[in-house]
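In: with the input below, show me the fold.
(one chain, ligands or ions: 2)
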Amino acid sequence: MAGGTVLNALVAALCLFSSPSAAVPFFSKRQTLTTETIQAQALANAQKVLAGTLSDGLTRGAGCNKDTVAIRKEFGDMTKEERVDYTRAVKCLLNKPSKLPAGKYPGAKSRYDDFVVVHMNMTPSVHATANFMHWHRYYIWAYETALKTECDYKYYQPYWNWGKYADLPTSPIFNGDEYSMGGNGEYVAHKGTSIGMTTIPAGPGGGCVRTGPFANLTIHLGPLMSTMDPALKIPSNPNPQGYGDNPRCLRRDVNNFFVKNALLATTLASHITSNAAIGKFQDTLQTDTAQRSSIHGSGHFSIWGDPGGDVYVSPAEPVFWLHHGQLDRHWWMWANYLEKEVKTRTSQYEGGTNWQNPNSARGKPTDPQWLDVAAPTGKNGIPSNQMFSTTSGPFCYLYQ
Ligand SMILES: *[C@@H]1O[C@H](CO)[C@@H](O)[C@H](O)[C@H]1NC(C)=O
Ligand SMILES: [Cu+2]
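Out: Numbers count the residues shown, from 1 in each chain. Ligands and ions are numbered 1, 2, ... in the order given. Got it, this is the predicted structure:
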C-alpha cells in the first residue's frame with residue numbers, strides 16, 4: 001500500500017476522522033443512567049434470554065444455560081490467582097510453536113504470533129466494516145479458547161473497563177506488579193503524534209516494558225503502521241507487509257489523556273444510551289468528533305507504544321485482548337440493557353466490507369467470517385449471524 005493509502009486506512013480504522021453525522025452530540029438531557037446500571041440491566045436481560053423468559057429472536061441449544069455459562073470479569077475484579085493464571089497462559093502461548101506454514105511468515109515465532117498474523121491479514125476487512133464487532137468477538141473468543149485448550153487456562157477472558165481507572169499507570173492492569181499485565185514503558189524523551197483531528201501528547205512512558213509478567217517481552221512482527229515518534233528509531237520490518245522477523249522490545253506509553261475525556265464513564269454511558277441503531281452506534285464508536293477522539297481508538301492510544309498503537313499489529317500487545325474484551329462488552333450492554341429493545345438490537349447488521357471504501361459491498365449477516373489458523377478446530381468460517389449473541393452460536397458467556 002502507498003503511504004497515503006495506509007494513513008487513510010489508519011485514520012478510518014483507528015478511528016480518528018470526522019464525519020458529518022459525528023457532529024451530533026452524544027449527550028442528551030434525559031440520559032442519566034450510569035455504566036453500572038446499564039451493566040446490571042444488560043446482565044439481568046441476558047440472563048432472562050438464557051433462561052428462555054425473554055426472546056432475542058435467536059434459537060439456542062440447551063448446552064448453554066445458567067450452569068454452564070462463563071462469566072467474563074474486569075481484570076481488576078479477578079483474584080490474584082486468576083490474574084496470575086491468565087498471564088501464565090498468555091506466556092504459554094508465546095512459548096508454543098506457530099502452526100503457520102514454515103517460512104511464509106518468518107516473524108511468526110509462536111502460537112501467540114499466529115493470532116497477530118491473522119489480524120494483520122484481516123485488518124482491511126474487519127475494521128470500519130459491518131463485521132467489525134462480530135469478527136472481533138469471534139477473534140477474542142478464539143484466543144480465550146486457545147488459552148484454555150492449549151495452555152490450560154482455568155478462567156475466562158478478562159476485560160478492561162475503560163471508565164474505571166483515573167490513573168492507568170497505577171491501575172491493577174498496568175502497575176507492573178506480578179499480578180498486572182506488566183508496567184508502563186520506561187520513560188524516554190519522545191514527541192506525541194497527530195492523527196486526523198487528534199493530537200496525542202507524549203505520555204510518561206515510550207520505552208521498553210521492564211516490569212511485571214511481560215517485562216522484556218520480544219515482539220517479532222511489524223511494525224506496519226507505527227504511530228510512535230520516529231526519533232525513537234523503532235526498527236523497520238524487513239518485509240514490506242510486516243511479516244518478517246524484527247525482534248525488538250514491547251514498548252508502551254500508557255497515558256491518562258483519554259481516560260480524562262473520551263473514556264470517562266459518563267461518556268461511555270451516553271454513547272450507549274444515545275445511539276439506538278447499530279450503524280450510528282458503530283460509527284460513533286469508531287470515529288472522532290471535534291470534541292473527542294473515538295472510544296475504540298482511545299483505548300488503543302491509552303496503551304499506545306509499539307505495537308499497541310499499530311492498527312495491524314496491535315494484538316501483539318498483550319493488553320489488546322482486554323481492550324477488545326471491553327469493546328465486546330460495550331456492544332453487549334448496548335444490545336441488552338433495554339428489555340424492549342433486546343430483540344431488535346441483537347440482530348442488527350449494517351455497513352460495508354472494506355475499510356477504505358464506504359461504498360464497498362454491504363455486509364450480510366450470512367457472510368462467513370474467517371480466523372484461519374486462529375480458529376478452534378472445526379470452527380472456522382462461522383457466519384456473522386452466529387455472532388449476534390454471547391450465548392448463542394459458538395459462544396456461551398456473559399459479562400459481570
Ligand atoms: C530486562 O532487560 C534489562 C536490560 O537488558 C535487564 O537489566 C533487566 O534485568 C531485564 N528484566 C527482566 C525482568 O528480565
Ligand atoms: Cu482489530
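In: so where do the strands sit in this structure?
Out: Using DSSP state E, the strands assigned to the chain run over residues 70-72, 185-187, 193-195, 198-200, 206-209, 218-219, 248-249, 368-369, 382-383, 397-399.
In: can you give me the helices in the stretch 151-300 of the chain?
Out: Per DSSP state H, counting those that start in this stretch, the stretch 151-300 of the chain carries helices over the ranges 265-273, 278-286, 295-303.
In: looking at those, which is closest to ligand 1?
Out: Closest to ligand 1 of the helices of the stretch 151-300 of the chain is helix 295-303 (Cβ to the nearest ligand atom; 19.6 Å). Placement of C-beta: from N, CA and C, glycine included.
In: quick one: is stretch 251-271 near ligand 1?
Out: No. For stretch 251-271, no contact with ligand 1 is found by Cβ under 6 Å from any ligand atom; the gap never falls below 13.1 Å.
In: how long is that stretch end to end?
Out: End-to-end distance for stretch 251-271: 31 Å, by Cα to Cα, to the nearest Å.
In: list the buried residues of it.
Out: Using 16 or more other Cβ atoms under 10 Å as the test for burial, stretch 251-271 gives 251-259, 262-265, 267-271.
In: and for stretch 269-278?
Out: Neighbour-count burial for stretch 269-278, counted by 16+ other Cβ under 10 Å, picks out 269, 270, 271, 272, 273, 274, 275, 278.
In: which outside residues touch that stretch?
Out: Identification of contacts with stretch 269-278 by Cβ atoms under 8 Å, 6 or more residues apart in numbering yields 26-28, 31, 33-35, 38, 281, 284-285, 295, 330, 333-334, 337, 341, 345, 348-350.
In: check stretch 32-52 too.
Out: Outside of stretch 32-52, the residues within contact range by Cβ under 8 Å, 6+ apart are 54-56, 60, 64-66, 69, 161, 163, 265, 268-269, 272-273, 332-333, 335-339, 342, 389-391, 398-400.
In: quick check: mean pLDDT across that stretch?
Out: For stretch 32-52, mean pLDDT is 97.
In: any idea how far it is from the middle of the chain?
Out: In terms of Cα atoms, centre = their mean, to the nearest Å, the centre of stretch 32-52 is set 22 Å apart from its chain centre.
In: what does stretch 241-259 give?
Out: Relative to its chain's centre, stretch 241-259 lies at 15 Å (Cα atoms, centre = their mean).
In: end-to-end on that stretch?
Out: The first-to-last residue distance of stretch 241-259 comes to 32 Å (Cα to Cα).
In: returning to what we had before: show me the contacts of stretch 269-278 that map onto helices.
Out: The helices, defined by DSSP state H, take in 35, 38, 281, 284, 285, 295, 330, 333, 334, 345 from these.
In: gap between the first one and residue 269?
Out: Distance of residue 35 to residue 269, computed by Cβ to Cβ, to the nearest Å: 5 Å.
In: which parts of this protein sit against ligand 1?
Out: Residues of the chain that fall close to ligand 1, judged by Cβ under 6 Å from any ligand atom: 210, 215, 216.
In: circling back: format the buried residues of stretch 269-278 as a markdown table; extra columns: distance to residue 126 and pLDDT.
Out: Below are the buried residues of stretch 269-278 laid out as a markdown table (distance: Cβ to Cβ, whole Å; pLDDT from 0 to 100):
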| residue | distance to residue 126 | pLDDT |
| --- | --- | --- |
| 269 | 27 | 97 |
| 270 | 26 | 95 |
| 271 | 21 | 96 |
| 272 | 22 | 97 |
| 273 | 27 | 97 |
| 274 | 25 | 95 |
| 275 | 21 | 96 |
| 278 | 16 | 97 |
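In: just give me the closest of the residues you listed to residue 97.
Out: Nearest to residue 97, judged by Cβ to Cβ, of the buried residues of stretch 269-278 is residue 278 at 39.5 Å.
In: any stretches of the protein with poor pLDDT?
Out: In the predicted model, the chain carries pLDDT under 70 at residues 1-31.
In: spit out the contact partners of the residue nearest the centre of it.
Out: Nearest residue to the geometric centre of the chain (Cα atoms, centre = their mean): residue 324, 2.0 Å. Contact partners of residue 324, counting by Cβ under 8 Å, 6+ apart, are 136, 139, 140.
In: got TSV for the residues you listed, with neighbour count too?
Out: Shown next, in TSV, are these (neighbours: other Cβ atoms under 10 Å):
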residue	neighbour count
136	22
139	23
140	23
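In: possible to save those as CSV with distance to residue 193?
Out: Formatted as CSV, these follow (distance: Cβ to Cβ, whole Å):
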residue, distance to residue 193
136, 24
139, 26
140, 27
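In: nearest to residue 246 among these?
Out: Distance to residue 246, by Cβ to Cβ, is smallest for residue 139 among these, at 23.0 Å.
In: spit out the contact partners of the residue nearest to that closest one when sequence neighbours are not counted.
Out: Distances taken as Cβ to Cβ, 6 or more residues apart in numbering place residue 371 nearest to residue 139, at 6.3 Å, with adjacent residues excluded. When the contact criterion is Cβ under 8 Å, 6+ apart, the partners of residue 371 are 118, 138, 139, 142, 379, 380.
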